[in-house]
Structure formats: C-alpha cells, structure tokens
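Chemist: based on what follows, work out the 3D shape:
(one chain, ligands or ions: 2)
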Amino acid sequence: MLLADKTVIVTGASRGIGRAVALECAHQGARVVIGHSGSAQGRTAAFSLMEEISGFGGHGIEVGSDAADLDTGGRLVAAALDAFGSVDVFVNNAGICPFHSFLDMPRETYLRTVDTNLNGAYFAVQAAANQMKKQGNGGAIIAVSSISALVGGGMQTHYTPTKAGLHSLMQSCAIALGPYGIRCNTVLPGTIATDINQEDLADEEKRAYMIRRTTLGRLGAPEDIAGPVVFLASDMARYVTGAALLVDGGMFVNLQ
Ligand SMILES: NC(=O)C1=CN([C@@H]2O[C@H](COP(=O)(O)OP(=O)(O)OC[C@H]3O[C@@H](n4cnc5c(N)ncnc54)[C@H](O)[C@@H]3O)[C@@H](O)[C@H]2O)C=CC1
Ligand SMILES: C[C@H](O)[C@@H]1OC(=O)[C@H](O)[C@@H]1O
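Modeler: Ligands and ions are numbered 1, 2, ... in the order given. Predicted coordinates for the structure are as follows:
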C-alpha cells in the first residue's frame with residue numbers, strides 16, 4: 001500500500017474529485033481527514049464516506065469548516081493531530097466555479113471564488129506545512145489546480161486566476177519548504193464530470209465540444225484524478241517537487 005501509516009487531509013472531500021481522492025488514499029492505507037463545508041449535505045456525505053472507509057478497515061474522520069475561512073487549515077490540522085497524531089499529506093481540493101460573464105461579474109461572486117479557492121488554501125497550506133516541519137519527517141502537499149491555470153475561460157475570469165494562483169503557490173512553496181523535505185506539487189485536471197460543471201455540461205453542444213477536445217475521447221471521472229494524487233503523495237514521488245501534472249485526457253495538447 002502506497003500510503004501506509006500516513007495521515008492525509010483532503011479538503012472538499014464530501015463529493016467529486018475530493019471524495020475519490022480521499023477514498024483511494026484510504027485504500028492505499030492512509031488515515032484520512034475528510035474536510036467538507038459544514039453544510040448538512042456535506043456532513044451527511046462525509047459520514048457516508050467514513051462508513052465506506054471503515055467498511056474495508058480504514059480510518060477516517062470528518063471536519064466541517066468553510067474553505068474560505070482562514071482558520072480552516074488550522075482546524076483540519078488540529079483534528080488530524082487529535083485523531084491520528086500526525087499530518088503527512090495535505091491535499092487542497094475544495095473549490096467552486098460559478099460560471100459568469102466578465103463584464104457584469106458581481107463583486108460578491110468574484111470575492112467568494114477567490115476566498116474559497118485561493119485565500120483559504122494559502123493559510124491551510126501554511127498550517128499543514130508548519131505541522132510537517134514540526135514533525136521533522138518531511139511531507140507532501142498537493143494542490144488540485146486545473147488545466148484552467150494554463151488556458152482561459154470566458155465565463156471563468158474569476159476562477160482561472162485562482163487556479164493559476166494555486167499552481168504558482170505550489171512552485172514557490174516547493175522552494176520555501178524543500179529544506180524541510182516537504183514536497184509541493186500541482187495536479188491540473190481537465191474536464192471531469194462532477195457537480196461543479198453539471199449545469200454547464202447539460203448543454204449538449206458544449207459537452208460534445210469538451211469531449212472532442214480530449215484525445216482520449218471522453219470526459220474525466222473523479223477516479224481519474226485519484227491515482228495521480230496518490231502517486232504525488234507517496235514515496236514513489238520522493239524526488240518530485242514543484243511539478244505540475246496535467247490529467248486531462250489530452251485536452252491541452254489537442255490543437256490540431
Ligand atoms: N470538475 C472539473 O472539471 C475540474 C475540477 N477542478 C477542481 O477540482 C476541485 C474539486 O471540484 P469537483 O470535485 O469537480 O467539484 P464538486 O463541486 O463536486 O466538489 C467541490 C468540493 O469542494 C467543496 N467546497 C466547495 N466550497 C466549499 C467551501 N466553502 N468550504 C469547504 N468545502 C467547499 C464541496 O463541498 C465539494 O466537496 C475544485 O477545486 C475544482 O476547481 C479542476 C479542474 C477541473
Ligand atoms: C468547472 C469546469 O467545467 C472545469 O473546471 C476547470 O477547472 C476546467 O475549466 C473544467 O472544464
């Protein structure tokens with residue numbers, strides 16, 4: 001098992017990519033902290049994931065706390081220490097993408113997106129890194145960024161800068177935290193069919209276009225992201241830091 005004896009925190013783990021990542025980490029022997037928003041729906045989903053994990057003998061706890069709250073990272077770390085005694089891997093995954101046009105972008109939508117996707121993440125990464133430094137055994141931090149860190153989206157002008165920001169944060173943290181043996185990497189998913197884009201992809205023409213953009217001929221599933229995250233979290237990737245791994249079914253390279 002690739003993550004035996006490691007404690008992994010995953011934010012936004014109640015559903016979608018975060019859930020698939022948390023589940024695969026548990027399958028790989030990790031003790032998992034399931035971060036979620038704290039809503040009733042999030043809590044119910046987190047408990048159901050905990051049940052699934054304990055069903056195969058794994059260990060998981062849930063922590064409800066808004067990703068936009070700058071204290072959430074500290075809460076997740078405290079809960080991990082309380083339950084499992086360490087933090088070895090931190091996966092920053094929670095995010096929102098409320099599609100909206102640029103010229104009339106409401107300030108509230110812009111600020112909520114940046115607060116949820118980037119500002120909270122910055123201090124959560126800081127909290128996890130301080131704990132890893134204290135433990136003295138290194139660690140792994142992985143940001144779930146996006147192909148959208150590299151290319152634009154006309155209805156995502158508030159969102160793409162947050163994904164580019166996470167990518168850049170991991171590059172800088174790879175430098176800042178390398179001396180402590182803490183590796184920092186980014187996963188850049190392409191289009192993965194989840195709740196975040198259910199409405200957008202309900203437009204058949206858009207969906208067909210996004211599928212055509214891939215070279216593998218399909219949209220991604222949350223499970224497609226779990227393996228790459230586990231790899232970066234594991235000692236198999238012990239010399240990988242400051243890297244960005246596109247997991248997009250060939251979407252980015254597919255120009256002509
Ligand atoms: N689905 C896709 O095509 C892609 C998704 N991503 C990124 O992957 C990450 C996960 O998204 P998906 O699983 O696709 O969507 P999703 O909507 O299924 O999951 C988002 C997760 O973030 C959590 N979350 C949202 N706001 C939160 C808050 N304020 N506090 C705590 N948790 C909060 C949700 O509860 C949920 O667990 C996001 O950061 C997204 O930007 C990146 C590239 C492509
Ligand atoms: C929400 C989008 O459909 C999804 O998220 C991203 O980061 C990419 O732009 C995907 O298409």
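Chemist: which residues in the stretch 51-200 of the chain form helices?
Modeler: 72-84, 107-114, 120-135, 160-177 (DSSP state H, counting those that start in this stretch).
Chemist: let me have those helices in CSV, extended by mean pLDDT, distance to T44 and mean neighbour count.
Modeler: The way it works is simple: take the backbone N, C-alpha and C, and place the C-beta from them, glycine included. Formatted as CSV, the helices of the stretch 51-200 of the chain follow (pLDDT from 0 to 100; distance: least, Cβ to Cβ, whole Å; neighbours: other Cβ atoms under 10 Å):
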stretch, mean pLDDT, distance to T44, mean neighbour count
helix 72-84, 98, 18, 20
helix 107-114, 98, 23, 15
helix 120-135, 98, 22, 20
helix 160-177, 98, 27, 19
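Chemist: so which of these gets nearest A30?
Modeler: Of all these, the one in closest proximity to A30, counting by Cβ to Cβ, is helix 72-84 (9.5 Å).
Chemist: export the helices of the stretch 51-200 of the chain to CSV and tack on distance to ligand 1?
Modeler: Shown next, in CSV, are those (distance: least, Cβ to the nearest ligand atom, whole Å):
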stretch, distance to ligand 1
helix 72-84, 7
helix 107-114, 8
helix 120-135, 7
helix 160-177, 7
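Chemist: take those helices and write them to TSV, including distance to Q28.
Modeler: Shown next, in TSV, are the helices of the stretch 51-200 of the chain (distance: least, Cβ to Cβ, whole Å):
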stretch	distance to Q28
helix 72-84	15
helix 107-114	32
helix 120-135	19
helix 160-177	21
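Chemist: so which of these gets nearest ligand 2?
Modeler: Among those, helix 160-177 comes nearest to ligand 2, with 6.0 Å by Cβ to the nearest ligand atom.
Chemist: what residues does the closest one touch?
Modeler: 92, 95, 113-114, 117-118, 121-122, 125, 129, 132-133, 141-146, 148-153, 182-186, 188, 241-242, 244 (Cβ atoms under 8 Å, 6 or more residues apart in numbering).
Chemist: so that helix versus helix 107-114, what angle?
Modeler: On the basis of axes from the mean of the first three to the mean of the last three Cα atoms, to 10 degrees, helix 160-177 is oriented at 30 degrees to helix 107-114.
Chemist: distance from helix 160-177 to the middle of the chain?
Modeler: Relative to the chain's own centre, helix 160-177 is displaced by 13 Å; criterion: Cα atoms, centre = their mean, to the nearest Å.
Chemist: mind saving the C-alpha coords of it as CSV?
Modeler: The C-alpha trace of helix 160-177 is given here as CSV (Å, rounded to 0.1, in the frame of the first residue of the first chain):
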residue,chain,number,x,y,z
THR,A,160,-8.9,30.8,-13.7
PRO,A,161,-6.7,33.3,-11.7
THR,A,162,-7.3,31.2,-8.6
LYS,A,163,-6.2,28.0,-10.3
ALA,A,164,-3.1,29.8,-11.7
GLY,A,165,-2.5,31.1,-8.2
LEU,A,166,-2.6,27.6,-6.7
HIS,A,167,-0.1,26.4,-9.3
SER,A,168,2.2,29.3,-8.6
LEU,A,169,1.8,28.8,-4.8
MET,A,170,3.0,25.2,-5.1
GLN,A,171,6.0,26.3,-7.2
SER,A,172,7.0,28.9,-4.6
CYS,A,173,6.3,26.5,-1.6
ALA,A,174,8.4,23.9,-3.3
ILE,A,175,11.3,26.3,-2.8
ALA,A,176,10.2,27.5,0.7
LEU,A,177,9.6,24.1,2.1
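Chemist: now the contacts of helix 160-177: which count as buried?
Modeler: 92, 95, 113-114, 117-118, 121-122, 125, 129, 132-133, 141-146, 148-150, 182-186, 188, 241 (16 or more other Cβ atoms under 10 Å).
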